[in-house]
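A structural model of the following input is requested.
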Amino acid sequence: MLDLIILSLHYFICFLISVAIWRGPKDVALHSSSTGEAETKPDGLVFIGKEEDIKKSQRITAKIDGREIVVFYHEGKFHALDSRCYHEGGPLCRGEIEDIDGQACIVCPWHKFKITLETGEGLYEGINPLEPSATPKWQSKGVKQRIHKLTIDNGNVYVSPPDLSVSFDSDYYADKYKNGGELAMGK
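Numbering: from 1, shown residues only. This is a model prediction of the structure:
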């Protein structure tokens, strides 16, 4: 009988953990007005949140014209990127930040793709088979992830709307999950 109680308790705890993971963290909605649209200043900048709030939370997700972005505060700097990984749309807002070869990178939680916070470059560790001692080195795949320009004014953080005349690999997933698409906002 004791075994049955312990087993039931184990399944109940696993169920609670599953529900907690499935629901995920709540998105911060500091940027939203009563209409659900981001607040836009006359100069086109879109309000994301208060500087101190983002510093405390280290990251925040937001929507700009339906496009998901994630803003990170890391080592004294703010960085904004498309929220969805260029590879297969993994939620970067749930990734860990690692230092890779002197560059702060977000690591996609789905497939461990590494993206620099500063430039949006995809990094991989590879070897040059023509070198006599082929040791792995970090190399760039090129800029794959759209980054967004941030402005801080009077303790408020704003992002500039993206220049869509230039395309990036992450645009595919930004469009796919736009306006509440499947798995929107990291869920």
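
make it CA atoms for all contacts and neighbour counts henceforth
Will do.

list the buried residues of stretch 66-76.
For stretch 66-76, burial by neighbour count (16 or more other Cα atoms under 10 Å) applies to Gly66, Arg67, Glu68, Ile69, Val70, Val71, Phe72, Tyr73.

one more: stretch 79-94?
79-87, 89-94.

how about stretch 139-153?
Buried positions in stretch 139-153, judged by neighbour count with 16+ other Cα under 10 Å: Ser140, Val143, Lys144, Gln145, Arg146, Ile147, His148, Leu150, Thr151.

can you redo the residues you listed as CSV, where the extra columns are distance to His111, pLDDT and secondary structure?
Formatted as CSV, the entries for those read as follows, by distance: Cα to Cα, whole Å; pLDDT from 0 to 100; DSSP: H, G, I helix; E, B strand; the rest coil:
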residue, distance to His111, pLDDT, secondary structure
Ser140, 17, 94, strand
Val143, 18, 94, strand
Lys144, 15, 95, coil
Gln145, 15, 97, coil
Arg146, 18, 97, coil
Ile147, 20, 97, strand
His148, 23, 96, strand
Leu150, 27, 96, strand
Thr151, 31, 95, strand
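
okay, helices next: where are they in the chain?
Per DSSP state H, the chain carries helices over the ranges 2-23, 51-57, 171-176.

and these, which one averages the lowest pLDDT?
Of all these, helix 2-23 carries the lowest average pLDDT, namely a mean of 66.

look up the closest residue to Gln145, ignoring the ones flanking it.
Among residues not flanking Gln145 along the chain, Gly120 sits closest, at 4.5 Å (Cα to Cα, 6 or more residues apart in numbering).

and that neighbour, how many neighbours?
25 (other Cα atoms under 10 Å).

which ones are touching it?
Residues touching Gly120, when contacts are defined by Cα atoms under 8 Å, 6 or more residues apart in numbering, comprise Leu81, Val143, Lys144, Gln145, Arg146, Ile147.

give me that answer again for 10 Å
By Cα atoms under 10 Å, 6 or more residues apart in numbering, the contact list for Gly120 reads 79-82, 86, 105-106, 114, 142-148, 168, 170.

state the pLDDT value of it.
The predicted local distance difference test score for Gly120 is 97.

what of Tyr86?
Model confidence at Tyr86, given as pLDDT, is 96.

my guess is it meets Lys141, correct?
No: here Tyr86 lies out of contact with Lys141, judged by Cα atoms under 10 Å, at a distance of 11.6 Å.
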